[in-house]
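Student: structure for this input, please:
(chains A and B)
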Protein chains: 2
Amino acid sequence: MIRKKKKRGQLIVLSGPSGVGKSTVISELLSERSDIHFSVSFTTRQPRVGEADGVNYNFVSRETFEGMIAREELLEHAEYVGNYYGTSLKVIQEKLDAGIDVLLDIEVQGAAKVRAKCPEAVLIFIIPPSFEELSRRLHRRATDQEEVIQGRLQKAREEYRQIPNYDYMVVNDKVSEAAAEIIAILTAEGCRTRNRLHLVDDVSLGR
Amino acid sequence: MIRKKKKRGQLIVLSGPSGVGKSTVISELLSERSDIHFSVSFTTRQPRVGEADGVNYNFVSRETFEGMIAREELLEHAEYVGNYYGTSLKVIQEKLDAGIDVLLDIEVQGAAKVRAKCPEAVLIFIIPPSFEELSRRLHRRATDQEEVIQGRLQKAREEYRQIPNYDYMVVNDKVSEAAAEIIAILTAEGCRTRNRLHLVDDVSLGR
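Tutor: Residues are numbered from 1 along each chain as shown, chains lettered A, B, ... in the order given. Below is the predicted model of the structure:
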């Protein structure tokens, strides 16, 4: 006689320095857990080679983005290396209310804002096995000039200082293992007492 | 250049009402995670059929147990249905210091004492799919008289009130699934930021 109280979805925030391989980990995660809704962020930056509008990001103009800010349509937004990034509030709320877990890929400033608005959000920071490895990965990607890479490494150092604000850290050494750890975290969060008290039936409490 | 700072083991506390199938879940868990040290409790109660000294419990006399209390050799102890149950402090500390995870099977009073002494302990409460199912399992076990069974069910109701003190709830419907959830919880706890900050290398913090 389990009470069928409706369970809300979990809001999951993934952050990590540029070059850590977050997109690859997310792809692997979503292939294992296709029930998770990945929230596509809005940005004013230019698409990189291979990136598609509505898939990697919703690419919009600075004017459009500033309109969304003015109309308070964003859960969070931040400026990063000269471009805006932000998350639509409406879609997320609908999914969570329907019991669907929602995954956000956002940087540290945005994550802090989500934490402030949704204290129950699960914040996960992805780190590389070492900082040298992060540098190697950024150079291997070879889409950026050395100056830009150095800027990203400096930015990463600043982001690392925000790690204590995150609930969990996942090391992206092997992608499959990083994804497996995230899946374990989501399973564990689903077992948290506050998320399961509805499973205690009335009779056991003598009501 | 990951700093090899020594990681302490995790202290894991499992509780759950009599008849929920905790021992079976623990056997399954230990067969999957043989690196976990199961801390065998001390008790003054009589062994049940099939129970072995030093395996299920260390069975001791009331006099011996009271000597251990007097010498403060116990992490926690409690009286339950007229018998003492307790946990040796020394063995646990040695294992945790050596980086080994330690599993305790203790009832709610003992768990509250462990929480007070070790705030970082992970507390998991195992519940049956329903209270009717718990009653069925107790009757099926058929080692106890009806009066004893009713006493256990009443005790279970009281224990359920302590569930909010636990970090996690695991439903023992299928044993393999319950064990898998506990394994996911342990993986997730190992990913907690406070347990992984040693993975952030100095260079990333600009030291």
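Student: what residues does the nearest residue to A:Ser135 once chain neighbours are set aside make contact with?
Tutor: Leaving aside its sequence neighbours, A:Ser135 sits nearest to A:Leu153 (CB to CB, 6 or more residues apart in numbering or on different chains; 6.0 Å). Placement of C-beta: from N, CA and C, glycine included. Residues in contact with A:Leu153, defined by CB atoms under 8 Å, 6 or more residues apart in numbering or on different chains, are A:Phe131, A:Leu134, A:Ser135, A:Leu138.
Student: quick one: buried ones out of the residues you listed?
Tutor: Neighbour-count burial (16 or more other CB atoms under 10 Å in any protein chain shown) is assigned, among these, to A:Phe131, A:Leu134, A:Ser135, A:Leu138.
Student: what's the closest of the residues you listed to chain B?
Tutor: A:Phe131 (4.2 Å; CB to the nearest CB).
Student: that closest one touches B:Leu199, doesn't it?
Tutor: No: in this structure, A:Phe131 is not within contact of B:Leu199 by CB atoms under 8 Å, at 11.1 Å.
Student: quick one: the helices in chain A?
Tutor: A:22-32, A:62-70, A:89-97, A:108-117, A:131-141, A:146-160, A:175-191, A:193-196 (DSSP state H).
Student: who touches the nearest residue to A:Ala98 once chain neighbours are set aside in this structure?
Tutor: Spatially, and ignoring its direct neighbours in sequence, A:Ala98 is nearest to A:Gly9 (7.0 Å; CB to CB, 6+ apart). The contact partners of A:Gly9, taken as CB under 8 Å, 6+ apart, are A:His37, A:Lys95, A:Leu96, A:Asp97, A:Ala98, A:Gly99, A:Ile100, A:Asp101, A:Val102.
Student: A:Tyr85 now?
Tutor: Here A:Tyr85 is in contact with A:Ser41, A:Phe42, A:Thr43, A:Arg45, A:His77, A:Ala78, A:Glu79, A:Ile106, A:Glu107, A:Gly110 (CB under 8 Å, 6+ apart).
Student: what bridges to the closest residue to the fifth one other than its chain neighbours?
Tutor: Once flanking residues are discounted, A:His77 sits nearest to A:Gly86: 3.2 Å by CB to CB, 6+ apart. With DSSP bridges as the criterion, A:Gly86 is bridged to A:Phe42, A:His77.
Student: who's in contact with A:Gly86?
Tutor: A:Ser41, A:Phe42, A:Thr43, A:Phe65, A:Met68, A:Ile69, A:Leu74, A:Leu75, A:Glu76, A:His77, A:Ala78, A:Gly110.
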